[in-house]
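*Asks:* all I have is the shape, not the residue letters:
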């Protein structure tokens, strides 16, 4: 048996043999925090998808007679989370609210991620003046506090659901641009990039098939964490009254605002949406942290 | 040379702009190589060996510039081609094998995908054809059950197998010239011998010209017909391998040979290191670059760069005071006595 054959047999026996993603998945399955995160987010997504089946009634259905003269009846067997000031079932509103929070989070991160990745890749790969111009622009954007920038954009576009998604997305752009650029820079001068150039692979193919797949993992981690931030920012904008203008929209942040007047008599109306926000954000954060460790190239081949 | 040269490099100069000033990496080297020939370029780290090959393919780091020289290949000057034109040369006409197979393969793509990419860059092949050809190539470089291994990722390959895969990638474009940049440095000795044998037989089969870049004199002695010894971006001694290894005439070549341990040396014979450290490349050489470290230095060495002069047929030396032809033999026998 030649040495190459022995090597081949050895390699075939090695555990954890799979691609980057399969390895990462194998590691993440052993990370308790990440599993809790997946469970929380999975629950959240499940609730959002099956809201019509899970919710006891229509979140927009009002029945003021249920208030019984006081504000507001607390949790009971019929209404687990109680009734809000307008006589709507709080549980149903929370369940439908999951849809809005998820949608807003995903769309706004998608906006930030896609634009940021394009600019970051261009800046990192082309370098020179293009890099300087893009980076100075992101510096300007980063100089303005994110939340303030979002408020400014909403003020410009007018309040509304789509507008806050765009606003929160735009505030994420510079973060993703910087991250992508740094990650590309770190990969750009790798030996395998040089090797690919030496066999004549065109620049664009090198960027898309050699540099990006290696540079993407920190961006994915950031995207999960950004989902959490986006949910909070959207809730914040909703709290400030810049959210959906239709008061019947069951958006968690808006729901918080609506209850400020009843904080002393019915604190549960503020606590429940608050807890929902905390749980979803926590879930995304745990996944993000787990991914960061699982995708760490230094951990490859171990564990 | 009986055959028309495949590549003729003339007076190549490469500079790098750095924060500390210009680095004079390659200072006027000339060589040619015929089809099927194996040419050695030997020198210590940082003497400009790798830079030379990167310059030929136009893949120098961003701060590197070819400032002078020509490299004629198939009637074209490689150094004046655009990046677009060079892309059809890279891999297809000239391919490179890199030093570290651990980092020269993309960790997130399968071996098969990377070989296919090399194939599909240069030939109009669909995925199935490329897959088939890739498995043939892996087979040719001696990887067992090649077809299955195409689906593996680089980290599932050992160092030797990765270097074989790199060779398969380099051969994918069926280049006329292969540049092997320290192909065995990162491997252990048994694997080194296998890889060298493999390279030898592959280039012989295909009549490919091979430039062997290395610091390992043993590799050169076993592989190459002609050898260029490089120091501070210049060739200091060039000639046929037998001539250089039997009668080194440049003090640097002699120093290199004397600093290699030999199994046939007497027990009391000490290794003779070359004193000093390599020349600082931040200025253009105005004197013999080896002079500060040289036992044979003469007055003139400090005043101008010696020309490359022919001492015997085909044996050139860049020295004002070449080592006597029998010095190396004498020092070996003397030490053993």
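*Replies:* Good, I have the coordinates. Quick caveat: nothing in here was measured; it's all calculated off a predicted structure.
*Asks:* does the nearest residue to residue A:206 once chain neighbours are set aside sit in a helix or strand, and which one?
*Replies:* Counting by Cβ to Cβ, 6 or more residues apart in numbering or on different chains, the nearest residue to residue A:206 once its immediate chain neighbours are dropped is residue A:196, at 5.2 Å. Just so you know, the C-beta spots here come from the backbone N, C-alpha and C atoms, and that holds for glycine as well. Assessed by DSSP states H and E, residue A:196 sits inside helix A:191-198.
*Asks:* list the contacts of that helix.
*Replies:* A:187, A:205-206, A:210-211, B:54, B:57, B:59, B:90-91, B:95-96, B:98, B:100, B:103-107, B:117, B:166, B:169 (Cβ atoms under 8 Å, 6 or more residues apart in numbering or on different chains).
*Asks:* can you say which of those are buried?
*Replies:* A:187, A:206, A:210-211, B:54, B:57, B:59, B:90-91, B:95-96, B:98, B:100, B:103-107, B:117, B:166, B:169 (16 or more other Cβ atoms under 10 Å in any protein chain shown).
*Asks:* for the closest residue to residue B:235 other than its chain neighbours, helix, strand, or coil?
*Replies:* In space, and not counting its chain neighbours, residue B:235 is closest to residue B:228: 4.7 Å by Cβ to Cβ, 6+ apart. Taking DSSP: H, G, I helix; E, B strand; the rest coil as the rule, one finds residue B:228 in the strand state.
*Asks:* what comes into contact with stretch B:80-91?
*Replies:* Under Cβ under 8 Å, 6+ apart, the answer for stretch B:80-91 is A:197-202, B:57-59, B:70, B:73, B:76, B:78, B:118, B:121-122, B:170, B:172-173, B:175.
*Asks:* over to stretch A:261-278?
*Replies:* A:70-72, A:74-75, A:81-82, A:84-85, A:90, A:94, A:97-98, A:101, A:231-232, A:235, A:252-253, A:255-256, A:258-260.
*Asks:* what's the ChimeraX line that selects buried ones from those residues?
*Replies:* Those of these that count as buried under 16+ other Cβ under 10 Å are selected in ChimeraX with:
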select /A:71,72,81,82,84,85,90,94,97,98,101,231,232,235,252,253,255,256,258,259
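*Asks:* helices - which of the contacts of stretch A:261-278 land there?
*Replies:* Among those, the ones falling in helices (DSSP state H) are A:90, A:94, A:97-98, A:101, A:231-232, A:235, A:252-253, A:255-256, A:258.
*Asks:* how many neighbours does the residue nearest to residue B:127 when sequence neighbours are not counted have?
*Replies:* Excluding its sequence neighbours, the residue lying closest to residue B:127 (Cβ to Cβ, 6+ apart) is residue B:116, at 7.1 Å. The number of residues packed near residue B:116 is 22, by other Cβ atoms under 10 Å in any protein chain shown.
*Asks:* same thing with residue B:123?
*Replies:* Neighbours of residue B:123 (other Cβ under 10 Å): 14.
*Asks:* could I have the ChimeraX command that selects the buried members from the contacts of stretch B:80-91?
*Replies:* Here is the ChimeraX command that selects the buried residues among the contacts of stretch B:80-91 (16+ other Cβ under 10 Å):
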select /A:197,198,199,200,201 /B:57,58,59,70,73,78,118,121,122,170,172,173,175
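*Asks:* among the contacts of stretch B:80-91, which ones are in helices?
*Replies:* Those of those lying in helices (DSSP H): A:197-198, B:57, B:118, B:121-122, B:170, B:172.
*Asks:* in these, find the pair that's most separated.
*Replies:* Greatest spatial distance in those: B:57 and B:172, 15.6 Å, computed using Cβ to Cβ.
*Asks:* need the nearest residue in space to residue B:47, chain neighbours excluded.
*Replies:* Nearest one to residue B:47, counting by Cβ to Cβ, 6+ apart, is residue B:230 at 4.9 Å.
*Asks:* for residue A:93, same thing?
*Replies:* Closest to residue A:93 by Cβ to Cβ, 6+ apart is residue A:250, at 4.0 Å.
*Asks:* can you report how many residues lie near whichever residue of the stretch 201-303 of chain A sits closest to chain B?
*Replies:* Per Cβ to the nearest Cβ, residue A:213 is where the stretch 201-303 of chain A lies closest to chain B, at 4.5 Å. Residue A:213 has 17 neighbours, counted by other Cβ under 10 Å.
*Asks:* tell me which element it falls in.
*Replies:* helix A:212-239.
*Asks:* residue B:27: neighbouring residues, count only.
*Replies:* Other residues close to residue B:27 by other Cβ under 10 Å number 22.
*Asks:* only the buried residues of the host helix or strand of it, if you could.
*Replies:* According to DSSP H and E, residue B:27 maps onto strand B:21-33. Neighbour counts over strand B:21-33 (16+ other Cβ under 10 Å) mark B:22-33 as buried.
*Asks:* closest to the centroid, which residue in chain A?
*Replies:* Nearest to the mean C-alpha position of chain A, counting by Cα atoms, centre = their mean, stands residue A:227 at 1.5 Å.
*Asks:* wait, isn't residue B:12 in contact with residue B:68?
*Replies:* Yes: assessed by Cβ atoms under 8 Å, residue B:12 is found in contact with residue B:68 at 7.3 Å.
*Asks:* those two: who's more crowded?
*Replies:* residue B:12 (24 against 15).
*Asks:* need phi/psi at the more buried one.
*Replies:* phi -80, psi 130 (degrees, to the nearest 10).
*Asks:* okay, it: pLDDT?
*Replies:* Residue B:12 is assigned 94 on the pLDDT scale.
*Asks:* distance between the ends of stretch B:306-314?
*Replies:* 18 Å (Cα to Cα, to the nearest Å).
*Asks:* how about the residues of the stretch 151-300 of chain B near chain A?
*Replies:* B:152-153, B:155-158, B:160-161, B:164, B:166, B:169-170, B:172-173, B:190-191, B:194 (Cβ under 8 Å from any Cβ of the partner chain).
*Asks:* buried ones among the residues you listed?
*Replies:* Judged by 16+ other Cβ under 10 Å, buried ones among those: B:152-153, B:155-158, B:160-161, B:164, B:166, B:169-170, B:172-173, B:191, B:194.
*Asks:* those residues in helices, which ones?
*Replies:* Filtering those for helices - DSSP H - leaves B:160-161, B:164, B:166, B:169-170, B:172, B:191, B:194.
*Asks:* lowest-confidence one in the residues you listed?
*Replies:* residue B:191 (84).
*Asks:* let's verify residue B:180: helix, strand, or coil?
*Replies:* Strictly by three-state DSSP, residue B:180 counts as strand.
*Asks:* measure it to chain A for me?
*Replies:* In this view, residue B:180 and chain A are 12 Å apart by Cβ to the nearest Cβ, to the nearest Å.
*Asks:* burial count for the residue lying closest to that residue once chain neighbours are set aside?
*Replies:* Leaving aside its chain neighbours, residue B:180 sits nearest to residue B:97 (4.5 Å; criterion: Cβ to Cβ, 6+ apart). Counted with other Cβ under 10 Å, the neighbours of residue B:97 add up to 26.
*Asks:* list phi and psi for residue B:97.
*Replies:* Per degrees, to the nearest 10, the backbone of residue B:97 is at phi -120, psi 130.
*Asks:* swap in residue B:247?
*Replies:* phi -130, psi 70.
*Asks:* what about it, how many residues nearby?
*Replies:* Going by other Cβ under 10 Å, the residues that sit close to residue B:247 add up to 20.
*Asks:* now do the residue lying closest to it once chain neighbours are set aside, the pLDDT please.
*Replies:* Distances taken as Cβ to Cβ, 6+ apart place residue B:325 nearest to residue B:247, at 4.6 Å, with adjacent residues excluded. pLDDT recorded at residue B:325 is 85.
*Asks:* just read off the phi/psi values of residue B:325.
*Replies:* phi -60, psi -30.
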